[in-house]
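> One predicted model, sequence on top.
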Amino acid sequence: MKNTCLEGKDTELISVLQGHFKGKLNLARVKLICLFITALCKIKTVNYDRLASGFDTTANKNSSYRRVQRFMKEFDFPMKIVSSLIFNVLPVRCDLVLVLDRTNWKFGTKNINILMLGVSYKKVAFPLMFKMLDKRGNSDIQERIDLIKTYTEWFGRQSIDCLLADREFVGDKWLEFLNQNNIRYYIRIRNNFKIYSYQKQEEIKAFWLFNNLKIGEFHHYPRIVELHGQKCYLSGNKTIARDGKIEFLIIVSFNKPEQAMVYYKQRGQIETLFRGLKSSGFNIEDTHVTDLKRLEKLFSLTMIAFVWCYKIGDYLDEYIQKIIIKKHGRRAVSVFKYGLDYLSKFLLTGFKSLENNMF
C-alpha cells in the first residue's frame, strides 16, 4: 500500500486533483484540499475544530485549524473548477437530467439558504453548482435564470436533456426563459394554480383537469393550456396523502408530457444528496461559518467529498460486494453511505477489506 500520509508527494489523491487543477491551483493548495477532504471523510463533520484533529499531518491541531481558517478567509477557490471536476467525473456528458432545488438551515439567528443545481446520476443527484442566498425563503426568478445561464456557459446548452424542479420553482419569467432557450422541463405546480383552457375558453384550477382520475392513475392532458402567460402541457396523477386526503401531483412541461412522471421521479434524487451533505454524511449544519463567501468554499469542498464517496460506493456495489437488500426491498445503506463508511475506515486504519483503487 502506498503512503497514505497526505504530506507525501506521491500520494495518489494529490496526483489526481493536481492533474485536474493544473494551472489553476498550486501544489500547496491542492495538498490542503486533500487534507481537508480526507479529514472530512474520516471525521464526518465540517466543524473546523474536529476537522483539524483529523488532518493526516505531523503539524499540531492548532496549526491545522489556522490553515483551514486562512484557506476559507483568503484563498480564491472558483466554483467553476469544482463544477468542472464533478462534470468530468460523469461517464456521459450529454442528455443530462438537471435537478434544481433549495436547502436551508439556521445557525443562531442566521439563515443559511442554498440554491442547488445537480445532475441526475443513477440513484442520486451529483452537485454541480449552487448560489448562496443572502435571505430566507425562496429564490427569485433571476437567481434561477442566472444559475442556468452559468451552467450553459460552462457546459453547453446541448448537454441538457431536461430540467426538474418542485413547486416553488414557477413563475412567468422563469417559464418564458426556459421556453425561449428550448430547455425542456418537468416542474410540479400547486393544485390550485389557475390555468387558461383554450378548449373551455376560460380560466380554471389546474386540478380540475385530473379530478376524474382513479387513485394512482396518471394522465397527460392532450391539449395545450396557458400558465402564467406561457403555453404548456400539464400531466398529473391522483393520490392519497399521509393525512388521508386526496392529493394531486401536477407537472407542467414544455413538450413530451407523456414522459412527465418517468422523469419527475428522478427529482427526489437531490433529496438524497442533501441528506448526504447533512445528517447522513458530512453534517454540513455543524458549521459555525455564516460568511457567505467562506461558506461557499466549505460547501464546494464538501461537494467533492460527496462525489468521491458515492463513486466508491457505486463501484463496490457494482463490481466487488453488493449492498445488502433488506426484506422490505430497500438497501441496508445508501450507495453514498456505503462508500463513505468504507473510505472512512480505510483512512482511519489503512485497512482495505475489499480490493479496489479508491483514488
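Ah, there it is. Numbers count the residues shown, from 1 in each chain.

> Quick check, pLDDT for Leu98.
If you check Leu98, the pLDDT there is 98.

> how many other residues sit next to it?
24 (other C-beta atoms under 10 Å). All C-beta atoms are positioned from the backbone trio N, CA, C, and that covers glycine.

> Specify the local secondary structure of it.
strand (DSSP: H, G, I helix; E, B strand; the rest coil).

> ok, it touching Cys162?
Yes - the criterion here is C-beta atoms under 8 Å, and Leu98 meets it with Cys162 at 7.4 Å.

> All the helices of the stretch 1-150 of the chain, residue numbers only.
12-21, 27-43, 48-53, 61-74, 79-89, 141-155 (DSSP state H, counting those that start in this stretch).

> mind putting those helices in CSV, mean pLDDT, mean neighbour count and distance to Asp286 included?
Shown next, in CSV, are the helices of the stretch 1-150 of the chain (pLDDT from 0 to 100; neighbours: other C-beta atoms under 10 Å; distance: least, C-beta to C-beta, whole Å):
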stretch, mean pLDDT, mean neighbour count, distance to Asp286
helix 12-21, 89, 16, 24
helix 27-43, 94, 22, 10
helix 48-53, 94, 19, 8
helix 61-74, 94, 15, 14
helix 79-89, 96, 17, 21
helix 141-155, 96, 17, 26
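
> Ser300 is nearest to which of those helices?
Among the helices of the stretch 1-150 of the chain, the nearest to Ser300 by C-beta to C-beta is helix 79-89 (4.5 Å).

> So what angle separates the directions of the closest one and helix 27-43?
With axes from the mean of the first three to the mean of the last three C-alpha atoms, to 10 degrees applied, the angle from helix 79-89 to helix 27-43 works out at 60 degrees.

> Which strands or helices does helix 79-89 pack on?
Using 3 or more C-beta pairs under 8 Å, 6 or more residues apart in numbering; DSSP states H and E as the contact test, the elements touching helix 79-89 are helix 12-21, strand 124-133, helix 141-155, helix 292-315.

> ok, residues contacting that helix?
Residues outside helix 79-89 that contact it (C-beta atoms under 8 Å, 6 or more residues apart in numbering): 17, 20-21, 24-25, 93, 119, 126-130, 154-155, 296, 300, 303-304, 307, 311.

> now with 6 Å?
Helix 79-89 is contacted from outside by 20, 24, 126, 128-129, 155, 300, 307, using C-beta atoms under 6 Å, 6 or more residues apart in numbering.

> out of those, who has the most neighbours?
Leu128 (26 neighbours).

> Who are the contact partners of it?
Per C-beta under 6 Å, 6+ apart, neighbours of Leu128: 83, 86, 117-119.

> try 7 Å
By C-beta atoms under 7 Å, 6 or more residues apart in numbering, the contact set of Leu128 is 83, 86-87, 117-119.

> do Thr103 as well
Thr103 sits next to 114, 116, 274 when contact means C-beta under 7 Å, 6+ apart.
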